[in-house]
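1. A predicted structure for the sequence below; I have some questions about it.
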Amino acid sequence: MVVDGFISGTAALVAAKLIPEVKPYLIASHRSVEIGHLAIWNTLGLHPLFDLGLRLGEGTGAVLAFHLIEAATRILDEMATFDEAGVSNKE
């Protein structure tokens, strides 16, 4: 679950306190300028993908994060290993 701003971060904090198994599924999209947002991430042990000073409240951080998450997923799923690509360290 991509967690965006302060309000959704608070909800994620409550969810993680009620059901700790949810924590591995949380992705912090960004650190907002809201006081306390960093405290939420620290309490959850999450590191936001972005720190851009966002304060719009329209899920902008999550929208930005989706592209980064998709790129990371595609790299893990589609990138060839050295063996698959025929790369060796032999000269």
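-> Yep, it's here. Everything quoted here is computed from the prediction, not taken from an experiment.
2. quick one, what contacts the most centrally placed residue in the chain?
-> For the chain, the residue sitting closest to the mean C-alpha position, by Cα atoms, centre = their mean, is I27 at 3.2 Å. By Cβ atoms under 8 Å, 6 or more residues apart in numbering, the contact set of I27 is M1, V2, V3, L46, L49, A65, I69. Just so you know, the C-beta spots here come from the backbone N, C-alpha and C atoms, and that holds for glycine as well.
3. who's it bridged to?
-> With DSSP bridges as the criterion, I27 is bridged to V2.
4. retrieve the pLDDT associated with it.
-> Here, the pLDDT recorded for I27 equals 96.
5. R31 too?
-> Looking at R31, the pLDDT reads 90.
6. burial of it, as a residue count?
-> 23 (other Cβ atoms under 10 Å).
7. these two touch, right, it and L49?
-> No - taking contacts as Cβ atoms under 8 Å, R31 lies outside contact range of L49: 9.2 Å.
8. other residues contacting the lowest-mean-pLDDT helix or strand in the chain?
-> Ranking every helix and strand in the chain by mean pLDDT, DSSP states H and E puts helix 82-85 at the bottom, with a mean of 84. Helix 82-85 is contacted from outside by S88, using Cβ under 8 Å, 6+ apart.
9. next: stretch 48-65.
-> 2-5, 27-34, 41, 68.
10. list buried residues within the residues you listed.
-> Listed as buried from the contacts of stretch 48-65 are V2, V3, D4, G5, I27, A28, S29, H30, R31, S32, E34, W41; burial here means 16 or more other Cβ atoms under 10 Å.
11. where exactly do the helices run in the protein?
-> Applying DSSP state H to the chain gives helices spanning 6-18, 37-44, 60-78, 82-85.
12. turn these into TSV, including distance to G53.
-> What follows is these, written out as TSV (distance: least, Cβ to Cβ, whole Å):
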stretch	distance to G53
helix 6-18	14
helix 37-44	11
helix 60-78	11
helix 82-85	40
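13. worst average pLDDT in these?
-> Taking the mean pLDDT of the helices of the chain, helix 82-85 comes last: a mean of 84.
14. so what's the gap between that helix and the chain middle?
-> 29 Å (Cα atoms, centre = their mean, to the nearest Å).
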